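Student: Below: sequence and its predicted model.
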Amino acid sequence: MNLYQRILALRSRIVNVAQREYDNWDQDDEGFDPEFGQGGICTDIANEIGQVLVEDGIDITSGGQEGMDHAWVVAYDKHTAYDVDIPCRIYEDGSGYTWMKLWGIKFTVNDVVISKINRSDLDV
């Protein structure tokens, strides 16, 4: 099984951990989380996705882009690499470090985005 197929096979587990993280996100109508203040949960979701991949023996590194204020995971092997993400627009709205929870979200495997990237661009 190639890397892409391995990631595809893990989408249900990825959705389950992301849903748990989202469901545990305690934010009021003003966007305030009593434990963390203001902010989103993309880093927490990315960490959970990464854990699923690592448990399956897949190498990962952090993804993100300056100015985007969003975190995701990069999965890679010797020859290929993929961004693995549940885009933040699905579960939160905002920018910078001020994000509002979108309520009532139920993730599906179709929310898991797997995008091939250039392996040679990674510093791993």
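Tutor: Received, thanks.

Student: Flag every buried residue along the helix or strand harbouring Y4.
Tutor: Using DSSP states H and E, Y4 sits in helix 3-9. Using 16 or more other CB atoms under 10 Å as the test for burial, helix 3-9 gives 3, 6-7. Quick note: C-beta positions are derived from backbone N, CA and C, even for glycine.

Student: Let's have the residues you listed in JSON lines, adding distance to D93 and pLDDT.
Tutor: As requested, the buried residues of helix 3-9 are exported to JSON lines (distance: CB to CB, whole Å; pLDDT from 0 to 100):
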{"residue": "L3", "distance to D93": "32", "pLDDT": "98"}
{"residue": "R6", "distance to D93": "32", "pLDDT": "98"}
{"residue": "I7", "distance to D93": "27", "pLDDT": "98"}
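
Student: other SSEs contacting the helix holding Y4?
Tutor: When contacts are defined as 3 or more CB pairs under 8 Å, 6 or more residues apart in numbering; DSSP states H and E, helix 3-9 sits against strand 71-76, strand 81-85, strand 113-117.

Student: Extract the C-alpha trace of it and format it as CSV.
Tutor: C-alpha atoms of helix 3-9 as CSV (Å, rounded to 0.1, in the frame of the first residue of the first chain):
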residue,chain,number,x,y,z
LEU,A,3,1.4,6.4,1.4
TYR,A,4,-1.7,7.9,-0.1
GLN,A,5,-3.6,4.7,0.3
ARG,A,6,-2.4,4.4,3.9
ILE,A,7,-3.7,7.9,4.7
LEU,A,8,-7.0,7.2,3.0
ALA,A,9,-7.4,4.1,5.1
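
Student: Tell me what angle the next helix or strand after it forms with strand 71-76.
Tutor: Moving toward the C-terminus from helix 3-9, the next helix or strand (DSSP H and E) is helix 11-23. In terms of direction (axes from the mean of the first three to the mean of the last three CA atoms, to 10 degrees), helix 11-23 departs from strand 71-76 by 160 degrees.
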